[in-house]
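In: sequence unknown, structure follows:
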């Protein structure tokens, strides 16, 4: 969760005003100019390649080369919380590049994308070999060329000193930092090879952080009185994987790393994969466990060079694919400090609390409510 005072967090239901601040810059954020805000919607979404997106209308905005344009302009938004007898507390609501600009009678209407879009746009003109070097050095080289002068945040738990082998980046530098596949279909991504994820946060800072799990600390408790619409629950088996096989293979003829296996070994879980689905796949039949069903995922990357690294990736892949079966959609009092990947405790019925991981939490700037799409661990038997 973004920094927010206890007073503002406790008064979200009683805040007297929610002002909005908008600024623009054409020099990479060295200087910022205020601009009148008309209306806008913020869409933070962990499942999207660009984590923060927005649509806003700005009033009396200068246009053209020396004003707001779709080539050089960046937009910075803040949601304010005014609590009685306190100054306005400003919460970052995203730093963006302009994806689309439309002139209106009152100013400009903008479709905005987070700064990942700048990195994506700065594709390599020719294929380049990166490394061998540490994960941190490789990522910062790729990001620094696209976002000169920008700080890069590395969260605790990410093994930044892991040595990456020399690898070829064909074109997409963001895929090389975050995750994806190259033109040959081989899995890439420095962050993914560390069991982590890469994104630009609400301040626009490129960030590499461990894949969030439901075991992470709860950042916000949401009682029934802060839920403004009846929660809607949904279940699906799409995307569920309870067994992962992770391999490091550079395709050079050298010995591959792994495969390393990780599975759901909790007998109380509905996605229990059995005591050992790799070495003893008939155990469920022998033990009288007809409900066990194995759903296998595979991940291979040339950037995985050791067994410990492969184990980290397998654990991250498992954590990210088990908690998708049971989801919860609800509307609550708007907390602009809430981020995708945060763990919240939601009172889904009187006295019934569940831990959920936020996937997306879109909200209207200046509005008093937000829609949350979450997921929880698969239901227990």
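Out: Sure thing, it's come through. Note that the structure is a prediction, hence the values are computed from the model and not measured.

In: Compute the number of surrounding residues for residue 290.
Out: By other Cβ atoms under 10 Å, 8 other residues sit near residue 290. Backbone N, C-alpha and C define where each C-beta goes, glycine included.

In: so where's the stretch 1-150 of the chain shaky on pLDDT?
Out: For the stretch 1-150 of the chain, the stretches with pLDDT under 70 are 15.

In: Quick one: residues contacting residue 340.
Out: Going by Cβ atoms under 8 Å, 6 or more residues apart in numbering, residue 340 touches 44-46, 51, 358-361.

In: typo on my end, it should be residue 34
Out: With contact set as Cβ under 8 Å, 6+ apart, residue 34 has these partners: 21-23.

In: Using the neighbour-count criterion, name the buried positions in the helix or strand hosting it.
Out: When secondary structure is defined by DSSP states H and E, residue 34 falls within strand 33-44. The neighbour-count check on strand 33-44 (16 or more other Cβ atoms under 10 Å) flags 35, 37-38, 40, 42-44 as buried.

In: what's the offset of the helix or strand following it from the middle of its chain?
Out: Counting by DSSP H and E, the next helix or strand C-terminal to strand 33-44 is strand 52-59. With Cα atoms, centre = their mean, to the nearest Å as the basis, strand 52-59 stands 20 Å off its chain's centre.

In: Any chance of the backbone angles for residue 341?
Out: Listed backbone geometry of residue 341 is phi 100, psi -10, with angles given as degrees, to the nearest 10.

In: I figured it hits residue 212, correct?
Out: Yes. With contact defined as Cβ atoms under 8 Å, residue 341 reaches residue 212; the gap is 4.0 Å.

In: can you list residues touching both of those two?
Out: residue 357.

In: Give me the secondary structure label for residue 81.
Out: What DSSP: H, G, I helix; E, B strand; the rest coil gives for residue 81 is strand.

In: Could you give the bridge partners of it?
Out: Residue 81 has these beta-bridge partners by DSSP bridges: residue 89.

In: Wait, it touches residue 89, no?
Out: Yes. With contact defined as Cβ under 8 Å, residue 81 reaches residue 89; the gap is 4.8 Å.

In: So those two - more neighbours on which side?
Out: Legend: neighbour count by other Cβ under 10 Å for residue 81 and residue 89, higher for residue 81 (25 against 21).

In: what sits against residue 104?
Out: Residue 104 sits next to residue 57 when contact means Cβ under 8 Å, 6+ apart.

In: my bad, should have said residue 61
Out: For residue 61, the contact set (Cβ under 8 Å, 6+ apart) comprises 24, 35-36, 67-68, 107-108.

In: With secondary structure and distance to residue 56 added, can I get those in CSV?
Out: Shown next, in CSV, are the contacts of residue 61 (DSSP: H, G, I helix; E, B strand; the rest coil; distance: Cβ to Cβ, whole Å):
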residue, secondary structure, distance to residue 56
24, strand, 11
35, strand, 10
36, strand, 11
67, coil, 15
68, strand, 11
107, strand, 10
108, strand, 9
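
In: List only those of those flagged as buried.
Out: Neighbour-count burial (16+ other Cβ under 10 Å) is assigned, among the contacts of residue 61, to 24, 35, 68, 107-108.

In: how big is the angle separating the strand holding residue 34 from strand 52-59?
Out: Strand 33-44 runs at 140 degrees relative to strand 52-59, counting by axes from the mean of the first three to the mean of the last three Cα atoms, to 10 degrees.

In: quick revisit: of the contacts of residue 61, which is the nearest to residue 247?
Out: Comparing these against residue 247 with Cβ to Cβ picks out residue 24 as the nearest, at 46.6 Å.

In: Might one say that residue 155 is in contact with residue 210?
Out: Yes. Between residue 155 and residue 210 there is a contact under Cβ under 8 Å: 6.4 Å.

In: Counting neighbours, what do you get for the nearest residue to residue 200 once chain neighbours are set aside?
Out: Spatial nearest neighbour of residue 200, excluding adjacent residues (Cβ to Cβ, 6 or more residues apart in numbering): residue 115 at 4.3 Å. A count of nearby residues for residue 115, using other Cβ under 10 Å, gives 27.

In: With residue 21 instead?
Out: So residue 21, with other Cβ under 10 Å, has 17 neighbours.

In: among the contacts of residue 61, which two are most distant?
Out: So, the contacts of residue 61 by Cβ to Cβ: farthest apart are 36 and 67, at 13.3 Å.

In: thinking again about what came up before, now the buried residues of strand 33-44 in JSON lines, with distance to residue 178?
Out: Output for the buried residues of strand 33-44, formatted as JSON lines (distance: Cβ to Cβ, whole Å):
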{"residue": "35", "distance to residue 178": "31"}
{"residue": "37", "distance to residue 178": "31"}
{"residue": "38", "distance to residue 178": "33"}
{"residue": "40", "distance to residue 178": "26"}
{"residue": "42", "distance to residue 178": "21"}
{"residue": "43", "distance to residue 178": "19"}
{"residue": "44", "distance to residue 178": "16"}
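
In: Identify, from these, the entry nearest to residue 147.
Out: Distance to residue 147, by Cβ to Cβ, is smallest for residue 44 among these, at 19.7 Å.

In: Relative to residue 297, how far out is that closest one?
Out: Distance from residue 44 to residue 297, counting by Cβ to Cβ, to the nearest Å: 26 Å.

In: now residue 71
Out: The gap separating residue 71 from residue 297 is 41 Å, by Cβ to Cβ.

In: Looking at those two, which is more packed in?
Out: Set residue 71 next to residue 297 and count neighbours by other Cβ under 10 Å: residue 297 wins out with 18 against 9.

In: Please tell me I have it right and the more buried one contacts residue 239.
Out: No. Checked against Cβ under 8 Å, the pair residue 297 and residue 239 is beyond contact range at 9.3 Å.

In: which neighbours do the two share?
Out: By Cβ under 8 Å, 6+ apart, residue 297 and residue 239 have these common neighbours: residue 321.

In: From residue 270, how far out is the residue most central in space within the chain?
Out: The residue lying closest to the centre of the chain (Cα atoms, centre = their mean) is residue 46, at 3.4 Å. Using Cβ to Cβ, we find residue 46 at a distance of 23 Å from residue 270.
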